[in-house]
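Colleague: Here's my sequence, what's the structure:
(chains A and B)
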Amino acid sequence: MSDQPGQKSLKADSKGNKNEPEIDPKLLEMLVCPVTHGPLRYDREKQELISDQAGLAYPVRDGIPIMLSNEARVLSNAKVS
Amino acid sequence: MPEHPRSKDSSEWVPFGSHSVPADTKSQLVSAVFDSVADRYDLMNDVMSGGIHRIWKRRLIDELAVRPPMRLLDIAGGTGDLALRARKRFAAHKTEITVCDINVKMLGVGRRRARDQGHLHGINWLCADGEALPLPDRYFDSCTLAFGLRNMTHIERALEEICRVMQPGGRFLCLEFTPDIAPPLRGLYEAYSLRIIPKIGDWLTGDAEAYRYLVESIRRFPQATHVARLLGKAGFAGVRVNALSAGVASLHSAWRV
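Modeller: All right, here's what the predicted structure looks like:
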């Protein structure tokens, strides 16, 4: 529920590519946010790992999670805790 | 090498090759070095060291084999060279291996190679900064770091992070070049590393500058005794240093307490 109209251009690039490897479930289970060490949510559609506490979405590219805060998308409706 | 990333805060400067750069730009610069050499990185290691890096890595895995790891983290593991060796060596032990590197291109090369060798599972590939690991506390019983410590922006911070994600009683092994070679070999080593390595690098990867950085970063790296002290400060005990190949490289081993 974003009350902000500020939409960033979020063009899905290689969406629908069925050959794209999935992130390993074991890896998914182990990962935490590098900023807060809090839990992550996996958004399979967008291929992102979301840290609600940090308000960041880390991209998963080609099945490899990119857990760098400077590569992460800042969530526009982040609840700053 | 790409253009210089812009610094947001240039109050702290850290070594990068033969010069200094703002601390917040180093990791990007290092990552760019490896971007350009990723495809031929392991070949280059073989040529540069005459295959000796294989002996050093075998030595590291021998140390690890004293108590085969259940969960192994390989920091700055890039193309998975060490991870694949560990995977083969500990095949009977079902070791779960996580390769972590800041450069996703290196990881891509590693994963492709692992698949080509038939290792579809058992190795996790993870892009992360060694100074801010996306990993839980006290998770791994062993951790390795081969030729990566000198590329960290803050060595102390990287060692603290490694300590954090390791279980008490866990084993940490760190392989790194030594900046202080004893005199009989020093002249020869310097001539080789400063004149010849960048040439081979240029020939094999087309990027002499990247290899000039790698050589300079070795010369600027702290001495083995200093690294041992930093390990103690970060929370490790029983630190041992073994000089390899007439002191060209050092293998540090330590226990997480």
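Colleague: any idea how far residue B:176 lies from residue B:248?
Modeller: Remark: distance between residue B:176 and residue B:248 (CB to CB, to the nearest Å) = 10 Å. From N, CA and C alone the C-beta is placed, and that goes for glycine too.
Colleague: between these two, which one's more packed in?
Modeller: Per other CB atoms under 10 Å in any protein chain shown, whichever of residue B:176 and residue B:248 has more neighbours is residue B:176, with 21 against 17.
Colleague: by contact count, what packs against the longest strand seen in chain A?
Modeller: Counting by DSSP state E, the longest strand found in chain A is strand A:56-61. Judged by 3 or more CB pairs under 8 Å, 6 or more residues apart in numbering or on different chains; DSSP states H and E, strand A:56-61 is in contact with strand A:48-51, strand A:73-74.
Colleague: so what strands line up beside the first one?
Modeller: Using DSSP bridges, the strands paired with strand A:48-51 are strand A:41-43 (antiparallel), strand A:56-61 (antiparallel).
Colleague: and those as JSON lines, adding mean neighbour count and mean pLDDT?
Modeller: Written out in JSON lines, the entries for the strands paired with strand A:48-51 read as follows (neighbours: other CB atoms under 10 Å in any protein chain shown; pLDDT from 0 to 100):
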{"stretch": "strand A:41-43", "mean neighbour count": "13", "mean pLDDT": "96"}
{"stretch": "strand A:56-61", "mean neighbour count": "22", "mean pLDDT": "97"}
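Colleague: can you tell me which residues contact residue 41?
Modeller: Picking chain A for this. With contact taken as CB atoms under 8 Å, 6 or more residues apart in numbering or on different chains, residue A:41 is in contact with A:49-52.
Colleague: try again with chain B
Modeller: The contact partners of residue B:41, by CB under 8 Å, 6+ apart, come to B:34, B:78-79, B:106, B:109, B:205.
Colleague: Between which two of those is the distance greatest?
Modeller: B:78 and B:205 (14.0 Å; CB to CB).
Colleague: The two - which one has more neighbours?
Modeller: The neighbour comparison of residue B:78 against residue B:205 (other CB under 10 Å) goes to residue B:78, with 26 against 18.
Colleague: helix, strand or coil for the nearest residue to the more buried one once chain neighbours are set aside?
Modeller: Spatial nearest neighbour of residue B:78, chain neighbours left out: residue B:106 (3.8 Å); criterion: CB to CB, 6 or more residues apart in numbering or on different chains. Secondary structure for residue B:106, judged by DSSP: H, G, I helix; E, B strand; the rest coil, is helix.
Colleague: lowest-confidence helix or strand of chain A?
Modeller: Within chain A, no helix or strand scores below helix A:25-30, which has a mean of 92 by mean pLDDT, DSSP states H and E.
Colleague: what comes up buried for that helix?
Modeller: By neighbour count with 16 or more other CB atoms under 10 Å in any protein chain shown, helix A:25-30 contains the buried residues A:27, A:30.
Colleague: Please name every helix or strand in contact with that helix.
Modeller: So helix A:25-30, by 3+ CB pairs under 8 Å, 6+ apart, packs with strand B:96-101, strand B:123-127.
Colleague: nearest to residue A:23, of those strands?
Modeller: Across these, closest to residue A:23 is strand B:123-127 (CB to CB), at 9.3 Å.
Colleague: Name the next helix or strand following that closest one along the chain.
Modeller: Sequence-wise, the next helix or strand downstream of strand B:123-127 (DSSP states H and E) is strand B:140-146.
Colleague: Residue numbers of chain B in contact with chain A?
Modeller: B:96, B:98, B:102, B:104, B:107-108, B:111, B:121, B:124-129, B:132-137, B:139 (CB under 8 Å from any CB of the partner chain).
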